[in-house]
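Participant: can't give you the sequence, but here's the structure:
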């Protein structure tokens with residue numbers, strides 16, 4: 001069982017995604033801790049880390065909501081990919097960056113489960129990447145159909161052993 005992939009991609013853990021008014025992503029402190037542990041592992045192994053930032057009319061580049069959450073360990077050697085679509089590959093340099101590193105295996109984490117995470121994981125699978133994730137490495141908000149916890153569980157069930165492989169435990 002793999003303990004990590006060749007690259008870690010952290011999707012949309014930005015202020016304006018993590019917080020919506022008075023609400024925040026489900027289990028946000030635990031998610032940030034978990035993502036930072038994964039970042040630490042990749043740093044120890046000298047593997048690349050890519051942060052993806054969504055930009056739109058609510059997440060305006062260079063404004064506070066667009067910024068990556070300050071609790072995340074972002075460093076100068078990390079890579080930033082800017083996107084305007086749920087799919088992190090759409091009209092971005094993500095594929096060419098992965099090609100530059102000859103990546104075949106990707107570990108994903110981030111937000112939002114049913115939007116950018118789902119679109120990117122499935123597209124990466126379609127491109128032939130082996131996708132990996134630790135459980136509960138993604139989050140979202142309650143919606144009118146399901147709680148955030150139910151949404152995460154629902155998507156993890158869909159992704160598991162179809163679109164990605166699970167990495168057991170956290171390092």
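Facilitator: Perfect, I can see it now. None of the values given here were measured: they were computed from a predicted structure. Numbering: from 1, shown residues only.

Participant: what about the strands in this structure?
Facilitator: 7-11, 19-20, 23-24, 49-54, 79-83, 105-111, 130-133, 138-139, 165-166 (DSSP state E).

Participant: can you give the strand pairings for the third one, parallel or anti for each?
Facilitator: Sheet neighbours of strand 23-24, with direction, are listed as strand 19-20 (antiparallel) (DSSP bridges).

Participant: could you do the first one as well?
Facilitator: Each strand that pairs with strand 7-11, with its direction, by DSSP bridges: strand 49-54 (parallel), strand 105-111 (parallel).

Participant: go on, the fifth one?
Facilitator: Strands adjacent to strand 79-83 in the sheet, as given by DSSP bridges, are strand 49-54 (parallel).

Participant: residues making contact with the strand it pairs with?
Facilitator: 7-14, 17, 39, 42-43, 59, 61, 66, 68, 72, 74, 78-84, 88, 92, 94, 97, 110, 116, 120 (CB atoms under 8 Å, 6 or more residues apart in numbering). Where you see a C-beta, it was placed from the backbone N, CA and C, and this is true even at glycine.

Participant: quickly list what the closest residue to residue 43 other than its chain neighbours is bridged to.
Facilitator: Of all residues not flanking residue 43 in the chain, residue 49 sits nearest, at 7.4 Å (CB to CB, 6 or more residues apart in numbering). Assessed by DSSP bridges, residue 49 has beta-bridge partners residue 8.

Participant: residue 26 is nearest to which of the strands paired with strand 7-11?
Facilitator: Nearest to residue 26, of all the strands paired with strand 7-11, is strand 105-111, at 9.6 Å by CB to CB.

Participant: now do that closest one, average pLDDT.
Facilitator: Averaging pLDDT along strand 105-111 yields 98.

Participant: got the buried residues for the longest helix along the chain?
Facilitator: Longest helix in the chain, counting residues (DSSP state H): helix 28-44. Buried residues in helix 28-44, counted by 16 or more other CB atoms under 10 Å: 28, 31-32, 34-35, 38-39, 41-42.
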